[in-house]
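**Q** Can you look at this prediction? I've put the sequence above it.
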Amino acid sequence: MPRIKSSILDVRKNHKQREINRIGISKLKTAVKKVATAEGDAKKTALNQAYKVIDKAVQSGLLPKKTGARKKSRISRTKKAPVSA
């Protein structure tokens, strides 16, 4: 453990921020999984909710801007049903 006061405060700050980031990533993963498992109208609402969570993650700096765009693009592709021949 650090002995310098500013280092002690840094450790405390880093711990709090790590918890905030962990919670945000968990919400993000949960939202994406709900889109993958949802069907019908529930899929549309789950997709909208996932977009909202991704946008908030980008806005708060949890995800880079292009990573958020890529995630949104990939989950939107799951929305379309495959054409059966």
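**A** Done, it's in.
**Q** rest of the way, CA atoms for contacts and neighbours
**A** Will do.
**Q** If you count contacts, what does the helix ranked longest in the chain end up packed against?
**A** Secondary structure assigned by DSSP state H gives helix 5-37 as the longest helix of the chain. Packed against helix 5-37 by the contact rule (3 or more C-alpha pairs under 8 Å, 6 or more residues apart in numbering; DSSP states H and E) you find helix 41-59, helix 65-77.
**Q** Mean neighbour count, the ones you listed: which tops it?
**A** Sort the helices and strands packed on helix 5-37 by mean neighbour count, taking mean count of other C-alpha atoms under 10 Å, and helix 41-59 sits at the top with a mean of 18.
**Q** what packs against that one?
**A** With contacts taken as 3+ C-alpha pairs under 8 Å, 6+ apart, helix 41-59 sits against helix 5-37, helix 65-77.
**Q** For Gly68, see how far away Ser76 is.
**A** 12 Å (C-alpha to C-alpha, to the nearest Å).
**Q** for Ala57, same thing?
**A** 8 Å.
**Q** and Ile75, what does it touch?
**A** Val32, Val35, Ala36, Leu47 (C-alpha atoms under 8 Å, 6 or more residues apart in numbering).
**Q** now those residues: which count as buried?
**A** Val32, Val35, Leu47 (16 or more other C-alpha atoms under 10 Å).
**Q** quick one: the last one and Ser76 touch, right?
**A** Okay, so that is Leu47. Yes. The criterion here is C-alpha atoms under 8 Å, and Leu47 meets it with Ser76 at 7.4 Å.
**Q** Need the max-distance pair from the contacts of Ile75.
**A** Ala36 and Leu47 (9.1 Å; C-alpha to C-alpha).
**Q** So Lys65 sits against Ile54, correct?
**A** No. Look at Lys65 against Ile54 with C-alpha under 8 Å: they stay out of range, at 9.7 Å.
**Q** Report the central residue of this structure.
**A** Centroid check for the chain by C-alpha atoms, centre = their mean gives Leu28 as the closest residue, at 2.6 Å.
**Q** OK, contacts around that one?
**A** By C-alpha under 8 Å, 6+ apart, the contact list for Leu28 reads Ala50, Val53, Ile54, Ala57.
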